[in-house]
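J.: Provided below are the primary sequence and the corresponding predicted coordinates.
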Amino acid sequence: MEHIFRGFNLAIAQIDIAGNPYIGIYCAVNEDIAIVPIDIEKKLLEKIKKTLKLETVPAMIAGSRLIGSLLAMNSNGAIVNNFIETKELLKLKKFINVTILKDKLNAVGNNILANDHGAIVHKQFAKQSIKEIEDALDVEVIRSTIAGLKTVGTTAVITNQGGLCHPKVKPDERKFFKSFFKIEIIPGTANYGTPLIGACLIANSKGVVTGTTTTGIELGRIEEGFNLI
């Protein structure tokens, strides 16, 4: 399902996937590609492609449609857990360099937040995993939190020009993110008050796609945070 809201930037769209507005758990994007569930409706596929101005790649990871929870990426590469099947991996490798991470924190999309300038990760990632993430994404990687929460991939979405994060982000965290990611990240919510931004939307520097329950006030905040005004 998709909604059209008049008066808002055409670089923002609203959809549900399988009747669910938490589209961030289903999709992962960078500047060039969106990896989406293999059975996504064609009209939703076209909406994502048009709004974010990229190529869409229908796929699965470990037989699951929850791409956003199981994959993290920036423009330089992608990281998946070691449950991925060979045929799934080979398909992804046609579009982006993929690294398999063998770590107990296997929901990498929930635990890694990255753009093309840096990445922050869950504090319990092993030292070897940190090195592998750095190599895969070709950025500096730091263990950190957002609003005191370790699952940083669920608490924010960032691009190379802006971002939105959990409304209870700490002042020192926000100050660090501005320096580290080289962007301004503002606090906000989506999907009618949900603070876990990473579950609610996907974005790149060209646009944002969020769930249909995101309110007009939240859309304005999203427009501001991602510099789409």
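T.: Okay, I see it. Numbers count the residues shown, from 1 in each chain.
J.: Mind listing what's buried along stretch 10-26?
T.: 11-17, 20-26 (16 or more other Cβ atoms under 10 Å). C-beta coordinates here come from the backbone N, C-alpha and C atoms, glycine included.
J.: who touches stretch 41-59?
T.: 2, 10-13, 15, 17, 27, 29-40, 67, 88, 91-92, 95, 202-204, 206-209 (Cβ atoms under 8 Å, 6 or more residues apart in numbering).
J.: Just the buried residues from these, in PyMOL please.
T.: Applied in PyMOL, the following selects the buried portion of those according to 16+ other Cβ under 10 Å:
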select buried, resi 11+12+13+15+17+27+29+30+31+33+34+35+36+37+40+67+88+91+92+202+203+204+207+208+209
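J.: Which of the contacts of stretch 41-59 fall within strands?
T.: 2, 12-13, 15, 29, 33-37, 202-204, 207-209 (DSSP state E).
J.: For the nearest residue to T214 once chain neighbours are set aside, grab phi and psi.
T.: Spatial nearest neighbour of T214, excluding adjacent residues (Cβ to Cβ, 6 or more residues apart in numbering): A190 at 4.7 Å. When read as degrees, to the nearest 10, the backbone of A190 gives phi -150, psi 170.
J.: quick one: low-confidence parts of the protein?
T.: 1-9 (pLDDT under 70).
J.: and E134, what element?
T.: Using DSSP states H and E, E134 falls within helix 127-137.
J.: Quick one: distance of that helix to the chain centre.
T.: 18 Å (Cα atoms, centre = their mean, to the nearest Å).
J.: Likewise for stretch 62-79?
T.: 9 Å.
J.: now the end-to-end length of it.
T.: 13 Å (Cα to Cα, to the nearest Å).
J.: Show me where the chain has its helices.
T.: Along the chain, the segments classed as helices by DSSP state H run 42-52, 67-70, 86-92, 108-111, 127-137, 152-155, 171-181, 197-200, 216-225.
J.: G162 is nearest to which of the ones you listed?
T.: helix 216-225 (5.3 Å; Cβ to Cβ).
J.: Could the C-alpha coordinates of that closest one be exported in CSV?
T.: The C-alpha atoms that make up helix 216-225 are tabulated as CSV, following Å, rounded to 0.1, in the frame of the first residue of the first chain:
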residue,chain,number,x,y,z
GLY,A,216,2.5,15.2,8.7
ILE,A,217,4.6,16.7,11.6
GLU,A,218,7.0,13.7,11.4
LEU,A,219,7.3,14.2,7.6
GLY,A,220,8.3,17.8,8.2
ARG,A,221,11.0,16.6,10.6
ILE,A,222,12.2,14.0,8.2
GLU,A,223,12.4,16.6,5.4
GLU,A,224,14.5,18.8,7.6
GLY,A,225,16.7,16.0,9.0
